[in-house]
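**Student:** need a structure here:
(one chain, ligands or ions: 1)
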Amino acid sequence: MAFHAEFKNISGEDTYPLSQVVYRGSDGSLLEVSHNRSAWKSRSPSEWKDLFQSRRSSFAPADLSGVWSKRELVLPELPIEDIITLQEGWSPLFNAQKLAKEMNLKSLHVKLCGNSHTGSFKDLGMTVLVSQVNHLIKNKVPIKAVACASTGDTSAALSAYCARAGIPSIVFLPAGKISVAQLVQPIANGSIVLALDTDFDGCMKIVQEVTADKSIYLANSMNSLRIEGQKTISYELCHELGWTLPDTIIIPGGNLGNVSALAKGIDDLLALGIIEKKPRIIVAQAENANPFYLAYKNNFSQLEAVQAKKTLASAIQIGNPVSYPKAEAAIKKYNGVVEQVSEQELADAAHRADKIGLYCCPHTGVALGALFKLCEKGVISKEESVVVVSTAHGLKFSEFKAGYHEQKLEGISPKYANAIHYLPANAEAVRNVLMNA
Ligand SMILES: *Cc1c(COP(=O)(O)O)cnc(C)c1O
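**Tutor:** The predicted model follows:
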């Protein structure tokens, strides 16, 4: 049996070839990339592990990518020469031993997905989407450009991968709601940058209208190709942790594509026979943009979209998450929990973790804040092994980092602020400060 993948809608039996420009099933439900998993059985679990291990020592471009080194499980039929890669994946796994000790955990690791070409985990999904579009264009499918609505990081990734491939890109951003670093990225990479006077949900609406014309390809995470790249985070974690997963994985959620991807990767590992025990998934949201938390509290009776309020965790300021049905299934399947944290909690959590050598973005602060809260509540117990998914690089959020230490973040009293000492240029003044440090 051959490795094969196609689009399938999650609530029905419609299937479409991956070469078709299609984002939803005939009933409007989300699509997923569905693999012929029985073909995976042609290799035993240990043969799969050996294959992935051997690619770890190869310098072939596809093997250097955390995503494409698992190509049979991602897009098995994509010709290798059509891959557009920026060496995404294989991000560092930070051993946060000191924090684990403070929290009485067996272990705590932080997966630094932001240590990537454009500074966020969005690279993992975008390499797959842009590679597939590159393949389609080579095969004369009439696609003129790729577009996305973004809270910042998706557009940065889209721009970079499209620039690498020589494909035009268009990004829709909520004006004034993303960091300067995030805004500069698509400008630098030559995208058409449209800053709209609305929020992310408003941008999402417009981009869907514009891409109804199939010559502009839609790159939002509703596009299930991105999930195929992002799911490799689970394979990578498993490989790095000696072919096991931790008891609990905590991930911040906005549009909920990433948690869906994490779960799909775990589904795959179970199907491959590489793991047997299911880990627990915890989604962390900002209180100011918490529709998934509210749905969880309601036993998922329904999703009520909210008007997302301003949050420091700007990439998850989303009130109407597109991937909600997939995320609900993920939480149910993986014994999941959803927690929310306040602005104060996320800011303090990020900077508490910085003290042991991390450099956390506010979204990582959301996940860490949930960790601290759930340890206190006893929902996460002593002796658990935990991985926190860090979604972006702190360097993209300098206003947040500097503002915290300068005590300039509105409504936040920073517990871990480290103020600069402004001194006259004389040694005596310096000595005085150092003596009291
Ligand atoms: C996109 C993003 C998220 C949220 O991921 P979803 O798939 O939308 O849930 C979290 N953090 C950062 C930094 C992001 O860019």
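**Student:** Show me which residues of the chain sit near the ligand.
**Tutor:** For the chain, the contact set with the ligand under CB under 6 Å from any ligand atom comprises 120, 122, 153, 221, 252-258, 315-316, 361, 363, 391-392. C-beta: built from backbone N, CA, C; applies to glycine.
**Student:** Select from those residues every entry located in helices.
**Tutor:** Among the residues of the chain next to the ligand, the subset assigned to helices under DSSP state H consists of 122, 153, 257, 258, 363.
**Student:** most surrounded residue in those residues?
**Tutor:** Neighbours here mean other CB atoms under 10 Å. Within those, the largest count is held by residue 122, at 35 neighbours.
**Student:** Please, where are all the helices along the stretch 1-150 of the chain?
**Tutor:** Assigned helices in the stretch 1-150 of the chain, in chain order: 37-40, 45-55, 61-64, 71-74, 97-102, 122-138 (criterion: DSSP state H, counting those that start in this stretch).
**Student:** Not counting its own residues, what contacts stretch 134-145?
**Tutor:** By CB atoms under 8 Å, 6 or more residues apart in numbering, the residues outside stretch 134-145 that reach it are 19, 21, 78-79, 82, 84, 133, 165, 167-170, 192, 214-217.
**Student:** from those residues, which would you call buried?
**Tutor:** Buried residues within those, counting neighbours by 16 or more other CB atoms under 10 Å: 21, 78, 82, 84, 133, 165, 167, 168, 169, 170, 216, 217.
**Student:** Report the two of those residues separated the most.
**Tutor:** With CB to CB as the measure, no two of these lie farther apart than 78 and 170, at 23.8 Å.
**Student:** What sits closest to the residue in the stretch 101-250 of the chain that the ligand sits nearest to if chain neighbours are left out?
**Tutor:** For the stretch 101-250 of the chain and the ligand, the shortest gap (CB to the nearest ligand atom) falls at residue 153, measuring 3.3 Å. In this structure, residue 153 finds its nearest non-sequential neighbour in residue 120, 3.8 Å apart by CB to CB, 6 or more residues apart in numbering.
**Student:** quick one: residue 163 from residue 132, how far?
**Tutor:** Distance check for residue 163 against residue 132: by CB to CB, to the nearest Å, it reads 17 Å.
**Student:** okay, the two: which has more neighbours?
**Tutor:** residue 132 (23 against 18).
**Student:** wait, doesn't the more buried one sit right on residue 18?
**Tutor:** Yes: using CB atoms under 8 Å, residue 132 is in contact with residue 18, at 6.6 Å.
**Student:** where do the contact lists of the two overlap?
**Tutor:** Listed as contacting both residue 132 and residue 18 by CB under 8 Å, 6+ apart are 75, 225.
**Student:** one step back: which of the ones in helices among the residues of the chain next to the ligand lies closest to residue 331?
**Tutor:** Ranking those by separation from residue 331, with CB to CB as the measure, puts residue 258 on top at 13.2 Å.
**Student:** which of the helices of the stretch 1-150 of the chain is buried the deepest?
**Tutor:** Across these, averaging neighbours per residue (mean count of other CB atoms under 10 Å) puts helix 122-138 on top, at a mean of 26.
**Student:** Pick out the most distant pair among the ones in helices among the residues of the chain next to the ligand.
**Tutor:** Of all pairs drawn from those, the one with the longest distance (CB to CB) is 257 and 363, at 13.5 Å.
**Student:** For the nearest residue to residue 246 once chain neighbours are set aside, give me its contacts.
**Tutor:** Here the nearest residue to residue 246 in space, its sequence neighbours aside, is residue 385; by CB to CB, 6+ apart that works out to 4.0 Å. For residue 385, the contacting residues are 105, 106, 107, 108, 246, 247, 248, taking CB under 8 Å, 6+ apart as the criterion.
**Student:** Measure how buried residue 285 is and give me the count.
**Tutor:** The tally of other residues near residue 285 (other CB under 10 Å) stands at 28.
**Student:** next one: phi and psi at it?
**Tutor:** phi -120, psi 160 (degrees, to the nearest 10).
**Student:** distance between the ends of stretch 209-223?
**Tutor:** By CA to CA, to the nearest Å, the extent of stretch 209-223 from end to end equals 15 Å.
**Student:** so who does the nearest residue to residue 336 once chain neighbours are set aside touch?
**Tutor:** If you skip the residues right next to it in sequence, residue 336 has residue 281 as its closest partner in space, 4.5 Å away by CB to CB, 6+ apart. Under the criterion of CB under 8 Å, 6+ apart, the neighbours of residue 281 are 248, 249, 251, 259, 262, 263, 266, 330, 331, 334, 335, 336.
**Student:** repeat for residue 286
**Tutor:** When the contact criterion is CB under 8 Å, 6+ apart, the partners of residue 286 are 311, 312, 313, 316, 317, 340, 341, 343, 346, 366.
**Student:** mind listing the strands for the stretch 51-200 of the chain?
**Tutor:** Assignment of strands within the stretch 51-200 of the chain using DSSP state E, counting those that start in this stretch yields the ranges 93-95, 107-112, 145-149, 169-174, 192-196.
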